[in-house]
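Chemist: sequence first, then the predicted structure, then my questions.
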Amino acid sequence: MPEDSPPARESAETAECKAKLRASLRASRGASPDKQNQLLGRLRHEILLRPNVAIASLWPLEGEIDLRPLNEFLHATGRNVLLPETTKKGNPLLFRQWRPDVGMIAGRFGTMYPDGEIATPAIILVPMLAFDRRGYRLGYGGGYYDRTLAASPDAIAIGYALSTQEWDDVPVGPYDRPLPFIVTELETIHCEPSPS
C-alpha cells in the first residue's frame, strides 16, 4: 500500500453490527461464582504452564469477570503482575507493576491502575464481550487492546470469557486480529483463524 494511502476503515455495516452486539452483550454480562472460579482456575493453569514472565492482568470494571483473586495468586507464586493504565484515545495501554499493598489510582472511564513502575508484559490477558473459534473478539469499542496487541507483537495474548459469550462469527473489521488462545470456564481454545 502506498504510504499516502488512507488507512482501511471499518464498513458502516460492520460497525453497526458490532455496536448492536455490544449493547446486547453488556446487558447480559455476569458470571456465577462457580463459573468465575472455574474460569480463574483455567487461567491459573494456562499461566503456570508458561515461564515466569510479566503478566498483564486486569482490575475489573462493574460487570466484568473479577481477576483480582488471580492477581493475588500470581503474586503469591512470585509472578510479576501488571495492570493497565488507560491512556489517551489512539494510544496503546500502559502497564504498571501491581502488588497487593500498592495504591490504586482512578483512571479514565472508571478504571483503576496501580501506582507502580511501567513495565512490559510477556503475556497479556485480554477481556472481551464476545469471541469466536477463529480467535476474533468483540471488545468494548475503544480499540485499546487492538492497539496494545499491535504494539506488542511478541507478547502472548490470552483472551478470557465465559463459554456463553461464544458466537459463530464475530464481526471483523480491518484492524481486528485473532487471538491464539481463548480460555473459558469449560476449556482452552487453540484458535484456528480462517485462511486469508
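Modeler: Done, it's in. Numbers count the residues shown, from 1 in each chain.
Chemist: okay, residue 27: pLDDT?
Modeler: Listed pLDDT for residue 27 reads 51.
Chemist: what about the helices in the chain?
Modeler: In order along the chain, the chain carries the following helices (DSSP state H): 12-27, 33-48, 68-76, 144-151.
Chemist: alpha carbons of the last one, as PDB, please.
Modeler: In this case it means helix 144-151. The C-alpha trace of helix 144-151 is given here as PDB (Å, rounded to 0.1, in the frame of the first residue of the first chain):
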ATOM      1  CA  TYR A 144      -7.200  -0.100  23.300                       C
ATOM      2  CA  TYR A 145      -6.400  -3.800  23.200                       C
ATOM      3  CA  ASP A 146      -6.200  -3.800  19.400                       C
ATOM      4  CA  ARG A 147      -3.600  -1.100  19.600                       C
ATOM      5  CA  THR A 148      -1.800  -2.700  22.500                       C
ATOM      6  CA  LEU A 149      -1.500  -6.100  20.800                       C
ATOM      7  CA  ALA A 150      -0.400  -4.500  17.600                       C
ATOM      8  CA  ALA A 151       2.400  -2.600  19.600                       C
END
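Chemist: residue 155: neighbour count?
Modeler: Neighbours of residue 155 under the rule other Cβ atoms under 10 Å: 19. Using the backbone N, CA and C atoms, a C-beta is placed for each residue, glycine as well.
Chemist: so it makes contact with residue 122?
Modeler: Yes: the criterion here is Cβ atoms under 8 Å, and residue 155 meets it with residue 122 at 5.8 Å.
Chemist: show me the contacts for the residue nearest the centre of the chain.
Modeler: When Cα atoms, centre = their mean is applied to the chain, the residue found nearest the centroid is residue 126 (1.4 Å). The contact partners of residue 126, by Cβ atoms under 8 Å, 6 or more residues apart in numbering, come to 137, 145, 149, 157-160, 179.
Chemist: ditto for residue 47
Modeler: Residues in contact with residue 47 (Cβ under 8 Å, 6+ apart) are 55, 74, 79, 123, 158.
Chemist: could you give the bridge partners of the first one?
Modeler: Right, the one you point to is residue 55. In this structure, residue 55 bridges to residue 81, residue 123 when assessed by DSSP bridges.
Chemist: return the residues in contact with it.
Modeler: Neighbour list for residue 55: 47, 74, 79-82, 121-125 [criterion: Cβ under 8 Å, 6+ apart].
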